[in-house]
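Enquirer: dropping the sequence and predicted coords here.
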Amino acid sequence: MKQYSKLDDITPVILTFNEARNIERSLAGLTWAKNIVVVDSGSTDGTLHALKADPRIRLFHRAFDNHYRQWRFAFEETGIATPWVLRLDADYIVPPEFVKELAGLDPEAPFAAYVAAFEYAVLSNKLVASLYPPKPVLLRMGRFVTTDLGHTEGCKFTGPTELLNTKLVHDDWKSMDAWVMSQARYMRLELAKIEGEPRGLRDWLRLHPPIMPILVFFYCLFGRGLILSGRAGMLYVLQRVAAETILAVMLLDKRLRHPPCGPH
């Protein structure tokens with residue numbers, strides 16, 4: 001029975017846009033990979049130089065419109081020949097113990113995907129907790145369909161999924177300027193999604209500002225214990241509050257400019 005002793009049946013897939021501060025750390029955890037697919041959406045920093053220096057990388061270029069179409073292109077139009085893909089963001093770090101678990105997976109298992117939880121770090125300072133959810137990362141080709149989830153993408157699977165025992169690390173070193181710009185773009189997409197099809201309590205809270213930013217502050221700081229993570233924890237809390245505040249500001253601005261019953 002063939003095992004993943006050489007991990008030859010897995011192709012890591014990464015999206016990039018001005019990831020010079022992240023990409024080399026991400027690639028450092030992929031020394032085992034024979035081929036890596038990267039889809040870049042117009043980087044102007046040192047990202048492309050780092051990518052072109054690695055002969056294992058097959059580099060594709062596509063203008064960014066949303067994550068759903070970008071990932072669908074990466075999975076379906078880059079000529080991936082392996083039965084599995086490892087879906088990575090450029091700010092993910094793949095620890096050796098995670099690779100060891102991948103190498104021991106049974107290829108005959110019935111799973112369509114494996115899900116990973118995350119350790120969250122801020123400038124290499126690991127936090128006691130975060131709001132970052134577990135995600136499907138190891139996907140069996142032909143057993144999933146990429147879906148649109150607003151500011152990000154999702155997957156629908158034909159078959160069961162399984163949670164991995166080891167975790168990936170999320171550690172984004174991009175500048176705060178880049179972070180603010182990306183959050184504005186993400187929240188614009190998120191607002192369109194929740195206004196068009198609100199789902200559950202979270203979306204209801206977001207549609208009634210300023211409830212969500214206030215709740216996120218207290219929940220992260222005390223409910224998740226991030227007050228114990230010092231300055232890194234406080235930065236994370238304020239980032240999450242800022243993201244929700246951006247969405248709330250966009251919503252209130254839209255409602256003032258376009259009242260449902262006309263101006264008063």
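Expert: Arrived safely, thanks for sending.

Enquirer: residue contacts, P95?
Expert: With contacts defined as CB atoms under 8 Å, 6 or more residues apart in numbering, the neighbours of P95 are 29, 166-169. (Each C-beta comes from the backbone N, C-alpha and C, glycine too.)

Enquirer: typo on my end, I23
Expert: Residues touching I23, when contacts are defined by CB under 8 Å, 6+ apart, comprise 14, 16, 47, 50-51, 90.

Enquirer: can I get these in JSON lines with distance to G159 and secondary structure?
Expert: Formatted as JSON lines, the contacts of I23 follow (distance: CB to CB, whole Å; DSSP: H, G, I helix; E, B strand; the rest coil):
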{"residue": "I14", "distance to G159": "24", "secondary structure": "strand"}
{"residue": "T16", "distance to G159": "30", "secondary structure": "strand"}
{"residue": "T47", "distance to G159": "35", "secondary structure": "helix"}
{"residue": "A50", "distance to G159": "36", "secondary structure": "helix"}
{"residue": "L51", "distance to G159": "33", "secondary structure": "helix"}
{"residue": "A90", "distance to G159": "28", "secondary structure": "coil"}
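
Enquirer: show me the beta-bridge partners of the residue most central in space within the chain.
Expert: Within the chain, the residue whose C-alpha comes closest to the C-alpha centroid is D89; the distance, by CA atoms, centre = their mean, is 5.5 Å. Applying DSSP bridges to D89 gives these bridge partners: L15.

Enquirer: retrieve the pLDDT associated with it.
Expert: With respect to pLDDT, D89 scores 97.

Enquirer: list the contacts of it.
Expert: Applying CB under 8 Å, 6+ apart, the residues contacting D89 are 14-15, 170.

Enquirer: so I93 touches D172, yeah?
Expert: No. The pair I93 and D172 does not pass the contact test of CB atoms under 8 Å, sitting 10.4 Å apart.

Enquirer: which residues in the protein form strands?
Expert: Taking DSSP state E, the strands of the chain run over residues 10-16, 36-40, 57-61, 84-89, 92-93, 113-116, 118-122, 125-126, 135-140, 144-148, 153-157, 161-163, 168-171.

Enquirer: tabulate those (TSV), appending distance to E190.
Expert: What follows is these, written out as TSV (distance: least, CB to CB, whole Å):
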stretch	distance to E190
strand 10-16	18
strand 36-40	22
strand 57-61	26
strand 84-89	17
strand 92-93	21
strand 113-116	22
strand 118-122	20
strand 125-126	27
strand 135-140	17
strand 144-148	12
strand 153-157	13
strand 161-163	24
strand 168-171	19
